[in-house]
Each structure stands twice: as structure tokens, then as C-alpha cells.
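In: heads up, no residue letters with this:
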């Protein structure tokens, strides 16, 4: 979530912007797309249902207004407690008690409310509805002669899948609830899920719950799209739909989105509608989500040099390769070890890795400290048959390309810096 959003906002790779689980704070010296648009007269508004895409971590930078819908509807003007680590926040709270007891009480009430009355990861529906209601209000209030940049992050297909009653059972969840299987995602890796249910059935149920959440998200997006159409704004707007990551639902015995760069995680939807675009056109070019940075710069005619790793989708240049950097799996390995000290796993996805897909759909994965391997996605999209021998000229060129890209974007130093921070234990890790 964090490195992906940072790349989306800056057009940079994680090794460049340095924002990840080891350092979740967006560098204030790196310009964001919201800052650039605001500098040329755009009204910029952000709406987030995700606690990681928040002011605390600097993702509000460049927005005239940034609404944290994920927070309880209690004391909306209450700012986050100072401090990066949890212990720092606790100390800030304790210092606040004798000085401003009323304000300290508000923080305490908010924590209790979130614990017992609702949390976005447990029930996303009210937060999703609030986000789109707020988005409609912002669109209505925007003056016609001032351009608007509106960013909306929703969490409907996230966390503890709990589809609303309107769609529950549509794909066969049959009354099962996430809590009957797992109290938290980490249990899958600790083998502590519901023992009376076979693993395959558990994943089938979780997939049904996820699909039902997706159906509700699709309905909400459709309603917002029709709202824009009703106001006759679509033909003068750029509408973008994408995701910061996918989801593992049992494929390769993995769950959620904390490990690996398999296709289920990195092959995400990307839908664009803009004035003059052909409705329903399917484009087969390989792209990256942070190409949207340069695309928006292009559309808005921003006089700003675009990052080398971001290519505008409006131009004639086509990608020869797409890159994914999984820089911080150690964060989740350490979290698992805190729960179960003897936990260990030698799988490649427990290590930082570089993944590259070229225009011929050859996909190479190069984990730190292990031999690289690759898949021919034209023949093996589900990635069941990894190849470890680089024999042909094209295969050797792909291996060489990977080494060159790692060097170009400072991969080794970035991994070292991230892991040193994680091992120092200064930042609390989140499973989001």
C-alpha cells in the first residue's frame, strides 16, 4: 500500500522515493502530482478510507483538502498524535493528559469507538459510502472555471472481507463470515486458522467473500460514474480507475498482499476515460500504475520534467518492460516471528525481490541472495512452471536487463537501508 501509493503520487520507484514499511513517510522534498497540479491552478482534494494513505505519513501533501474518511466520525478536527513509533504516540498521549485532559479524553474515546463500534477493515461499506457522498459534494461545489483534481481511495475489497447484505451470498459465500475462518490474515502463515474447514474450502469461501465485496465496490463506482455523466462532466474529465495491489486468495499457498510478486498481486485493473477516447478499447501494452503520474502531467500540460521510470500513456512511447520492486517483505517476516519466534520460511517471497516483465511477457523474478527464475506468461500465466536456466539469447538479455535496471535505480542500497531500519525496530509494521 505505502510504496505503491508513493509511486503513484511521485512517478518514482520505491528505491527512488524511499517510502516503504521501513520508512512509511513520504519525503517532503519530492514533489507529488497534487502539488504540481495545485501550482498551475487546480483545486486538489484527497479522500482516503485507508489509515496508511493519511496525513500522518505525508500523503496529504499538495492537497487543498485531505479527508481521512477512515477515522471515526468523532472529533473530525482532532489531529494525529505526534510521533512515528507507537511508543512515541503513547508518550505523547501521556504528556497530554495533565496539560489538556479534555483533548486526551477525545483521543481515548476515539480509540474505544474504533475498537468496539467499527473499523474500516472489518466493515468497509459505511466508509465507502461516505467517501463517494463526499466526492459528489466536492464535485458539486467546484466552480466551473476552476479545474479539479480529485483522488479517492476506498477499502471495500480489503482486509476482513465482509460484503454488505445487498450482495452477500451472490457468489456463494452462503452465510460464511471471515471471522469464522480467521481473526486476522496473519493466521494463515501461522497455520492457526479454523481447523475444522479444509484449506481449499476456506480459500473458496474467502474468494466468494472477496468477489462479493468487489461487486459492491463496482456498484458504488458505477453510481459515481453516472453522477458525473448526469452533470455532463465526463466529456471534459479524465476518469481513472486502478488499484495499488491485487490479492492472493490461496494461489501458491499465499494469502492477502504481504508477500510475493505473482500476477495475482501485480496484474491490477487500469481503466481510463478521457475526452476523445474510444469507449471499450482494450490495450495490450504493458504499463505501470505510476505511469499515471506522467499521463496526468501530459494531460494537464504541466511544465515539469517527468521521471525516467514513468511513461505517459498519452504519448507514442511504449514500454519495453515493467518493473516491480518488493522491497520490504522483512517487515512481515519480523511480524510473524514476533507472534511465533520459531517461525521460519526459506521461500523466495520472504526476501526483497526485483520483478521485470518484458513486452514478450517473459517475467523474471530476482530475489536477493537467491538465483533468479522466470516464467513465460504466454504459456504459463498462472506461474506454475518456473524456469531457472537462461539459455536462449533473449533469456540472457532479460537477465542482463534486470541487473542493469537494479543498478540504475539503486536497488542494493535501497534494500540495505530498508532492512537496517526494520531491524532497528523503530517503526511499527502494519498488515494493510
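Out: Noted; the coordinates are in hand. All of these numbers come straight from a predicted model, not from anything done at the bench.
In: which residues touch residue 12?
Out: 6, 30, 290, 307, 309, 310 (CB atoms under 8 Å, 6 or more residues apart in numbering). To be clear about C-beta, it is placed using only N, CA and C from the backbone, and glycine gets the same treatment.
In: my read is the second one is in a strand, agree?
Out: No. Looking at residue 30 with DSSP: H, G, I helix; E, B strand; the rest coil, it is coil, so not inside a strand.
In: mind listing what it touches?
Out: Taking CB under 8 Å, 6+ apart as the test, what residue 30 contacts is 10, 12, 17.
In: Repeat the analysis, applying 10 Å as the threshold.
Out: 6, 9, 10, 11, 12, 16, 17, 18, 19, 58, 61, 307 (CB atoms under 10 Å, 6 or more residues apart in numbering).
In: coming back round to it: can you tell me which of the contacts of residue 12 is nearest residue 338?
Out: Of all those, residue 6 has the smallest distance to residue 338: 25.3 Å, by CB to CB.
In: Just give the number of residues close to the nearest residue to that closest one once chain neighbours are set aside.
Out: Distance criterion CB to CB, 6 or more residues apart in numbering; nearest residue to residue 6, sequence neighbours excluded, is residue 19 at 3.7 Å. When neighbours are defined as other CB atoms under 10 Å, residue 19 has 26 of them.
In: now the contacts of residue 30 as a markdown table including distance to residue 243 and secondary structure?
Out: Output for the contacts of residue 30, formatted as a markdown table (distance: CB to CB, whole Å; DSSP: H, G, I helix; E, B strand; the rest coil):
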| residue | distance to residue 243 | secondary structure |
| --- | --- | --- |
| 6 | 15 | helix |
| 9 | 15 | helix |
| 10 | 18 | helix |
| 11 | 17 | coil |
| 12 | 19 | coil |
| 16 | 21 | helix |
| 17 | 19 | helix |
| 18 | 23 | coil |
| 19 | 18 | coil |
| 58 | 21 | coil |
| 61 | 22 | coil |
| 307 | 21 | coil |
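In: Most widely separated two among those?
Out: 58 and 307 (18.2 Å).
In: quick one: pLDDT of the residue nearest to residue 6?
Out: Residue 19 carries a pLDDT value of 94.
In: Please report how far it lies from residue 250.
Out: Residue 19 sits 30 Å away from residue 250, going by CB to CB, to the nearest Å.
In: just residue 270 next, same as before
Out: Counting by CB to CB - residue 270 and residue 250 are separated by 25 Å.
In: helices and strands around the one helix or strand residue 151 maps to, which ones?
Out: In the assignment (DSSP states H and E), residue 151 maps to strand 148-153. Counting contacts by 3 or more CB pairs under 10 Å, 6 or more residues apart in numbering; DSSP states H and E, strand 148-153 is packed against helix 2-10, helix 33-39, strand 43-48, helix 125-141.
In: Identify the residues contacting the next helix-or-strand element following it?
Out: Sequence order places helix 178-181 as the next helix or strand after strand 148-153, per DSSP H and E. Residues outside helix 178-181 that contact it (CB under 10 Å, 6+ apart) are 121-122, 159-163, 184-185, 187-188, 193-194, 196-197, 201-203, 205-206, 209-210.
In: 8 Å instead, please
Out: With CB under 8 Å, 6+ apart, helix 178-181 has contacts from 160, 161, 162, 193, 194, 197, 202, 205, 206, 209.
In: Surely residue 80 is within a strand?
Out: No. Per three-state DSSP, residue 80 lies outside any strand segment and is coil.
In: what's around it, how many residues?
Out: Going by other CB under 10 Å, the residues that sit close to residue 80 add up to 15.
In: So for stretch 384-391, mean pLDDT?
Out: Rounded mean pLDDT across stretch 384-391 is 94.
In: Could I get the buried residue list for that stretch?
Out: residue 390 (16 or more other CB atoms under 10 Å).
In: can you give me phi and psi for residue 321?
Out: phi -160, psi 160 (degrees, to the nearest 10).
In: do the one 4 residues further on as well
Out: Dihedral pair for residue 325: phi -110, psi 110, per degrees, to the nearest 10.
In: Test of understanding: give the bridge partners of it.
Out: For residue 325, the beta-bridge partners are residue 354 (DSSP bridges).
In: Pull up the gap between the residue lying closest to residue 160 once chain neighbours are set aside and residue 314, please.
Out: Spatial nearest neighbour of residue 160, chain neighbours left out: residue 178 (4.5 Å); criterion: CB to CB, 6+ apart. Distance, residue 178 to residue 314, using CB to CB: 41 Å.
In: quick one: residue 396 and residue 389 touch, right?
Out: No. Contact criterion CB atoms under 8 Å: residue 396 and residue 389 do not qualify, at 10.4 Å.
In: Could you find the closest non-adjacent residue to residue 150?
Out: residue 45 (5.2 Å).
In: and if you look at residue 4?
Out: Using CB to CB, 6+ apart, the closest residue to residue 4 is residue 244 (3.8 Å).
In: who's more crowded, residue 178 and residue 314?
Out: residue 178 (21 against 17).
In: in the stretch 301-432 of the chain, which spans are helices?
Out: Taking DSSP state H, counting those that start in this stretch as the criterion, the stretch 301-432 of the chain contains helices spanning 329-339, 393-408, 411-424.
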